[in-house]
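A.B. asks: test case, fold it:
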Amino acid sequence: EQCSACEELRFLVVATPMDKVARCDPVCPLGYYVDPESTRCTRPLPGERLPELFYVQLALRITIEEFAEDPRLPSRLVLATASMLKISPAEARFHNRIVVE
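C.D. replies: Residues are numbered from 1 along each chain as shown. Next up, the predicted model:
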């Protein structure tokens, strides 16, 4: 199905930057990144580097035991983070770094 805008957590995969209509996918193809402003899957121009990486650390209000009880929690956190940052879930990764204070 061809679209000009996608629903949340779906991204417009265009063949060229000039295309206005394309399919909406849940992740961008390999070699693409999401432009957060347009939510379009964008391929870097020749010689252009992919956007810089950054890390987000979340302070969860649950115990380690509660975290360990729900095996779906890491994937749900990735989806929520991707939605908040308006990036593809394929671009968000969960790094298991548990810090107890």
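
A.B. asks: what residues are up against the spatially most central residue of the chain?
C.D. replies: Centroid-nearest residue in the chain: S88, 2.5 Å away (criterion: CA atoms, centre = their mean). S88 makes contacts with F11, P26, V27, C28, Y33, V34, C41, A82, as judged by CB atoms under 8 Å, 6 or more residues apart in numbering. In short, each C-beta sits where N, CA and C put it, glycine included.

A.B. asks: if you set the cut-off to 7 Å instead, what comes out?
C.D. replies: F11, V27, C28, V34, A82 (CB atoms under 7 Å, 6 or more residues apart in numbering).

A.B. asks: filter those down to just the ones in helices.
C.D. replies: A82 (DSSP state H).

A.B. asks: I'd like the contacts of S88 as a markdown table, with neighbour count appended.
C.D. replies: Shown next, in a markdown table, are these (neighbours: other CB atoms under 10 Å):
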| residue | neighbour count |
| --- | --- |
| F11 | 29 |
| V27 | 17 |
| C28 | 22 |
| V34 | 23 |
| A82 | 19 |
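
A.B. asks: of the contacts of S88, which is the nearest to V21?
C.D. replies: Nearest to V21 among those: F11, at 14.0 Å, using CB to CB.

A.B. asks: right, and the closest one touches T42 too?
C.D. replies: No. In this structure F11 lies outside contact range of T42 using CB atoms under 7 Å: 9.5 Å.

A.B. asks: sorry, back to before: got the contacts of S88 as CSV, with pLDDT and distance to S75 columns?
C.D. replies: As requested, the contacts of S88 are exported to CSV (pLDDT from 0 to 100; distance: CB to CB, whole Å):
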residue, pLDDT, distance to S75
F11, 86, 18
V27, 83, 13
C28, 84, 18
V34, 81, 18
A82, 81, 11
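
A.B. asks: measure stretch 29-45 end to end?
C.D. replies: 15 Å (CA to CA, to the nearest Å).

A.B. asks: buried ones in it?
C.D. replies: By neighbour count with 16 or more other CB atoms under 10 Å, stretch 29-45 contains the buried residues Y32, Y33, V34, D35, T39, R40, C41, T42, R43.
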